[in-house]
Every structure is written in C-alpha cells, then in structure tokens.
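Peer 1: Here is my input, please return the structure:
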Amino acid sequence: MSKHKKIRRPLPRERKVFIAICIVLALIVLAVAGYLIYKNFDNQAKYKTDPDIIFNQKVAGYDFNKLRQTYPDIVAWLDVPNTNIALPIVQHPDNDFYYLNHNAQSEYDVSGAAYMQLCNKKDMSDPVTVVYGHNMIDNGMFSTAHFFENSDFFKDNEKFYVYTPGHKLTYTTVSAYIYDDRHIINSNNGFTDTNVRMKYFNEVCNPTSQVKNVRPGISLKAEDKLFQLSTCMSDPNLANQRYIVSGVLTNDEPTN
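Peer 2: Modelled structure (predicted):
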C-alpha cells in the first residue's frame, strides 16, 4: 500500500496578509520602544556630562549662562545623591504642561523633563515648591526617587541639593510617601494662609499612607521652605497616586 505525502494547504491570502501586518506592527513597536529607551539614556547622558564643563568646583555652582544655551527654560539644577536624578529644572514661560512631553532642550520627548509650574517662583522662595518628573521604566527622570521607599536608603540619604543662579540650596529630607493626585499648590490656595500651610506641613511630617518614611525628630515651622519631588507610581493600580519626596531648606550658600 503506497504512502501518500500529506499535502499542506496554503494559507488563505487574508491570513497571510494578517500575519504580515502583525509582524510589521511588532517590528515598529520594538523599534519605537528601542528608540525611546535610547533617547532617554541619551538625554540622561547629556545631563550628566554637560555639568562637567559648566560646574565650577571652586565656587560650587553652575554657569547658568552656558546652561541656558542648551536648556533655554532652565531655572535650577537638581542633584539627589545616589540616584539618577541630576537634572535641569525647567519652567515654561506660559504652558504648565509643555514639559510633560518635551525634554529640557525643548525637543519633543515622551520622557519629558523635570519641571515646575508657573505657580512657583523660580528662586524656590515659596513655602512649597513642587517639581514634577516622569517615572520611567529605564530608571530615567524621577523613577529613582522611589529609592526613598526603602527605609535604609531614606535613612542614609539625608540631603539633596538645588542650584540656582548665585545659590546652592541644601534640603534635608523630611519624608517620602504616597499621596493622591491633587494639585498640591492650587488645592491649598498657594499656602498664603498660615493655618493651611501648617496643616499641610503636619501632613508632610505625619503622612497617612502605608508606604512612607519619615525623618525622626524633624518638624516644620511656618517660615520653612519645602521642596517636593512628585512622580507617578509604578503599579498601574495606583495610577491616581503620586510618590512625593519632601525636603526642607536647611542651608543657603552663595555662589558666584
């Protein structure tokens, strides 16, 4: 009895087209994802190498005239030791949301930039200054702010720094915790009312979230200046929550 080879029927044309489209789309997604990751790493590299030229160790400050040639809307430089946060802080002159999807060089970029909104003064003299940054999957922008969720890291990393023209501002970390997505400045009427300000300061020193770290023995006075980093949570179930790292100004050194 002769054996007959099983004849494989050709795939219907529609199915072939569908498979081809799926392959092309998959390649496009991979290419775009690869480009975005590269772009973010490239931006992070720029942020880390540029200050080597414009940071003057002698006066412990930055040359903001040179910085503005690269980052036209820069107002300060943020340095959080032992994280990837060594970034320019920018503030767009008329669009609070511009830097959600533009980098500090004013180029379109989904990684965005570390930015503050127009409700805050450029010299960080407000009772509360909030700086926003995306929580990127490649540890870019503000993603490593989540290091402060670790109690040992929070304990061992007490200081971070903000450089403005003519000043080196040192902040001592007060707390780090999960907060809701309310606009901190607007929902507290700009903290012009001392009672409102002290109520918020008490919340910062005594956060109610389950994920939190607080500096023992620290308290805030009405005249204190608070600086807060705000970023998203990694858990998609917490999409309406924000992670806040708060520091109080403890030293203001003049620079040239």
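Peer 1: need the helices for the stretch 101-250 of the chain, in chain order.
Peer 2: Using DSSP state H, counting those that start in this stretch, the helices of the stretch 101-250 of the chain run over 151-156, 194-205.
Peer 1: got TSV for the ones you listed, with mean pLDDT and mean neighbour count too?
Peer 2: Heads up, the C-betas are built off the backbone N, CA and C, glycines and all. Compiled in TSV, these are given as follows (pLDDT from 0 to 100; neighbours: other C-beta atoms under 10 Å):
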stretch	mean pLDDT	mean neighbour count
helix 151-156	98	13
helix 194-205	97	16
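Peer 1: To residue 131, which of the ones you listed lies closest?
Peer 2: Closest approach to residue 131 among these is made by helix 194-205 (15.2 Å; C-beta to C-beta).
Peer 1: which other helices and strands contact the closest one?
Peer 2: Under the contact criterion of 3 or more C-beta pairs under 8 Å, 6 or more residues apart in numbering; DSSP states H and E, helix 194-205 touches strand 167-180.
Peer 1: From residue 195, how far out is the residue positioned nearest the centre of the chain?
Peer 2: Central residue of the chain (C-alpha atoms, centre = their mean): residue 133, 2.4 Å from the mean position. According to C-beta to C-beta, to the nearest Å, residue 133 stands 30 Å off from residue 195.
Peer 1: Can you add distance to residue 23 and give the helices of the stretch 101-250 of the chain back as a markdown table?
Peer 2: Shown next, in a markdown table, are those (distance: least, C-beta to C-beta, whole Å):
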| stretch | distance to residue 23 |
| --- | --- |
| helix 151-156 | 43 |
| helix 194-205 | 51 |
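Peer 1: Indicate which one of those helices is closest to residue 170.
Peer 2: helix 151-156 (16.5 Å).
Peer 1: Can you name the residues in contact with the closest one?
Peer 2: By C-beta atoms under 8 Å, 6 or more residues apart in numbering, the residues outside helix 151-156 that reach it are 82, 147-148, 173, 176, 213, 215.
Peer 1: Okay, now the unreliable bits of this protein?
Peer 2: When residues are selected by pLDDT under 70, those of the chain lie in 1-18, 20, 29-60.
Peer 1: quick one, strands of it?
Peer 2: 55-56, 61-62, 74-79, 86-90, 114-115, 128-132, 159-164, 167-180, 212-214, 226-232, 241-254 (DSSP state E).
Peer 1: and of those strands, who's closest to residue 203?
Peer 2: Of all the strands of the chain, strand 167-180 sits nearest to residue 203, with 8.7 Å by C-beta to C-beta.
Peer 1: and the angle for the closest one with strand 226-232?
Peer 2: Using axes from the mean of the first three to the mean of the last three C-alpha atoms, to 10 degrees, the direction of strand 167-180 lies 50 degrees away from that of strand 226-232.
Peer 1: Format the strands of the chain as a markdown table; extra columns: mean neighbour count.
Peer 2: Compiled in a markdown table, those are given as follows (neighbours: other C-beta atoms under 10 Å):
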| stretch | mean neighbour count |
| --- | --- |
| strand 55-56 | 14 |
| strand 61-62 | 22 |
| strand 74-79 | 22 |
| strand 86-90 | 24 |
| strand 114-115 | 24 |
| strand 128-132 | 24 |
| strand 159-164 | 20 |
| strand 167-180 | 20 |
| strand 212-214 | 18 |
| strand 226-232 | 22 |
| strand 241-254 | 19 |
